Structures are given as structure tokens and as C-alpha cells.
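Chemist: Make a model of this:
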Amino acid sequence: MAAGGFCKLPNGTVVVALNLPDDAAGVRVLVHAGNRARALTRLRNLGLRPIYLRGNTAPPTPDEITAVLHHPDGLIWRTAPAPGDIGVMTELWHPIRALLRRSAVVR
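Modeler: I've put the predicted structure just below:
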């Protein structure tokens, strides 16, 4: 299970944001898809099996929505901010392939 949320866009598609645990720091993953179920299926197909979205506690921000809509894959990630950190994130968004490569090297 992961904390996160979603936002329905005017064209009917959704952007789903999930905070996933990863070693010392977590990662924030954004997925653009036709609906919430399809967004989670995209992540599960990449090997992230135990992904569920319960509620809408951490929906994507407008900046995150813009970032994922402008990415050709519609699937990006970056290190999640610390719980008390409300400052501006300076880390750029990465394509999901970079996260999967990073996970394979760690294992």
C-alpha cells in the first residue's frame, strides 16, 4: 500500500501520484492514464506489484501534473520530500526506466 492521490483532468484522464518506500528515502511516482485502475496497472506491469491507492491523501500538485503531461511516457519519479520539508524541490523528474535500473543494481 502507498500514500498518494489522484486528480481527474478536464479531458477525462487522470494523474495518479504515489509515495513509495525505497531504501533510505522514498520516491514519488506520477502516472498519467485513462483512469485510476489503468494507472496502477501500468505500475504493476513494471514489476511494482503491491501498489494500491487508498484514498486521496496526497494528490498531485499542479507542477507535478504539468511535469507528467509533458513527459512522452507519462510515467516519472523523483525522490520524495521529507515529511517536514515544505521547500521547493530542486531534483528533476526522471523517467521510470531510471528507477527500475536503480532497483536492479541495489538487489
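
Chemist: For the helix or strand that contains Val15, name the packing helices and strands.
Modeler: Applying DSSP states H and E as the criterion places Val15 in strand 14-20. Using 3 or more Cβ pairs under 8 Å, 6 or more residues apart in numbering; DSSP states H and E, the elements in contact with strand 14-20 are strand 3-8, strand 27-33, helix 36-45, helix 62-69. No exception for glycine: its C-beta is placed from N, CA and C like everyone else's.

Chemist: Would you tell me which of these gets closest to Ala80?
Modeler: Closest approach to Ala80 among the helices and strands packed on strand 14-20 (Cβ to Cβ): strand 27-33, 4.4 Å.

Chemist: Give the pairing partners of that closest one; include direction for each.
Modeler: Sheet pairing here is set by DSSP bridges, and for strand 27-33 it gives strand 14-20 (antiparallel), strand 75-79 (antiparallel).

Chemist: and the spatially closest residue to Glu64 that is not a sequence neighbour, what does it touch?
Modeler: Take Glu64 and drop its neighbours on the chain: the residue closest to it by Cβ to Cβ, 6 or more residues apart in numbering is Leu30, 5.5 Å away. Contact analysis of Leu30 by Cβ atoms under 8 Å, 6 or more residues apart in numbering lists Val15, Val16, Ala17, Pro60, Glu64, Ile65, Ala67, Val68, Leu75, Ile76, Trp77, Trp93.

Chemist: now Gly26
Modeler: By Cβ under 8 Å, 6+ apart, the neighbours of Gly26 are Asn19, Leu20, Thr79, Ala80.

Chemist: Recalculate using a threshold of 7 Å.
Modeler: Taking Cβ atoms under 7 Å, 6 or more residues apart in numbering, we find Gly26 in contact with Asn19, Leu20, Ala80.

Chemist: what number of residues lie near the first one?
Modeler: Here the number of neighbours of Asn19 (other Cβ atoms under 10 Å) works out to 17.
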